[in-house]
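Enquirer: make a model of this:
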Amino acid sequence: MPLMRRAYYQNNISTFLNDDQEKILGELTSNHNFDLDIKQRDSWLEQIKNLKGQLLNFNGKIFFEFIIPRMGKRVDTILLIDDIVFVLEYKVRSPNYDRQAKDQVLDYTLDLKNFHEGSHFKYIVPILISTLAPTYQNIIIWYDDKIAQPLLSNGLDLSTLIDNVIKEIKCTNSCAAASGSKHNGLAPLMTNNGQKVAINQRQQLSKLPRLYTKGILSMKFLVLMLGLKTLPIQLTAFLILSSILKHRTENRFALLLESQVQARP
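Expert: Purely as a prediction, here's the structure:
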């Protein structure tokens, strides 16, 4: 399903800025399939107010309550600016940057990278916004697959964070183009080996469902190529191959989990 059909509210940023707050809230409410409690309503209003103040200098698209394909998870807000995906997770009235919340926004980012086709080759930047937390001095750290380490914001410096990311990517890409480099121009900055190993392992774990699906399709093609024409023989061959693939996938999953545990301090 196209990106524009997966959100409760979606629009150009310029239109969002001009839309009345109650109109946006009404659209969010009408697409919400559950009873709307006061906490959720107040959270949406806080997000709308914050974004209307922080996006004045940007062009692009905005998506509220975006549903990640195949996962069923809903991201608070996604911004598409200069072909960069910003994944925003709001913790309204939270006074700190919770580790669990940071993991949550990073998980959304990995799910988007792996399960949303339009995000496969884009830069994706997760941002945790705790509205009562102190201002945080962020350093932009890039992992593999053009994914940034979660940035932390209280909402007041959101526009500055977005602007800094855009400038860094433009600068790095222009330098890479000038030098004739073929890499994506981004490398992990000021990080340690443990952090990089952890993010690589999480990326590999998140890709296993996609690898398994591709393996199933390849097996179906192989069964046909073998010329097994009768249905019982096709089924038997498919089940044998499927069992082998499942076993290998589970082994890989177990090895990754074991390496994650060993990598923890």
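Enquirer: sketch out the helices for this protein, chain order is fine.
Expert: With DSSP state H as the criterion, the chain has helices at 13-18, 21-30, 38-54, 99-115, 158-179, 193-225, 231-263.
Enquirer: the fifth one: which residues count as buried?
Expert: Of all the residues in helix 158-179, those buried under the rule 16 or more other CB atoms under 10 Å are 158, 159, 161, 162, 165, 166, 168, 169, 172. The C-beta positions use only the backbone N, C-alpha and C, and glycine is treated the same way.
Enquirer: for the shortest one, same thing?
Expert: Within helix 13-18, the residues that count as buried by 16+ other CB under 10 Å are 13, 16.
Enquirer: check the fourth one too.
Expert: For helix 99-115, burial by neighbour count (16+ other CB under 10 Å) applies to 101-102, 104-115.
Enquirer: I'd guessed residue 129 sits against residue 93; true?
Expert: No. Between residue 129 and residue 93 there is no contact under CB atoms under 8 Å: 11.3 Å.
Enquirer: by mean pLDDT, flag the weakest helix or strand of this structure.
Expert: helix 193-225 (a mean of 49; mean pLDDT, DSSP states H and E).
Enquirer: ok, residue 149 touching residue 127?
Expert: No. With contacts defined as CB under 8 Å, residue 149 does not count as touching residue 127, sitting 10.6 Å away.
Enquirer: the residue lying closest to residue 12 once chain neighbours are set aside: neighbour count?
Expert: Leaving out its chain neighbours, the residue that sits closest to residue 12 by CB to CB, 6 or more residues apart in numbering is residue 61, at 5.9 Å. By other CB atoms under 10 Å, 18 other residues sit near residue 61.
Enquirer: what of the one 4 residues further on?
Expert: When counting by other CB under 10 Å, one arrives at 18 neighbours for residue 65.
Enquirer: so who does it touch?
Expert: Neighbouring residues of residue 65 by CB atoms under 8 Å, 6 or more residues apart in numbering: 7, 8, 9, 28, 31, 32, 74, 75, 76.
Enquirer: can you pull the contacts of the fifth one?
Expert: Taking CB under 8 Å, 6+ apart as the criterion, residue 31 is in contact with 8, 9, 65.
Enquirer: ok, those residues vs residue 80, which is closest?
Expert: Closest approach between the contacts of residue 31 and residue 80, by CB to CB: residue 9, at 14.0 Å.
Enquirer: the closest one touches residue 61, doesn't it?
Expert: No. In this structure, residue 9 is not within contact of residue 61 by CB under 8 Å, at 11.2 Å.
Enquirer: low-confidence ranges, the stretch 101-250 of the chain, go.
Expert: Flagging of the stretch 101-250 of the chain using pLDDT under 70 yields the residue ranges 116-119, 175-250.
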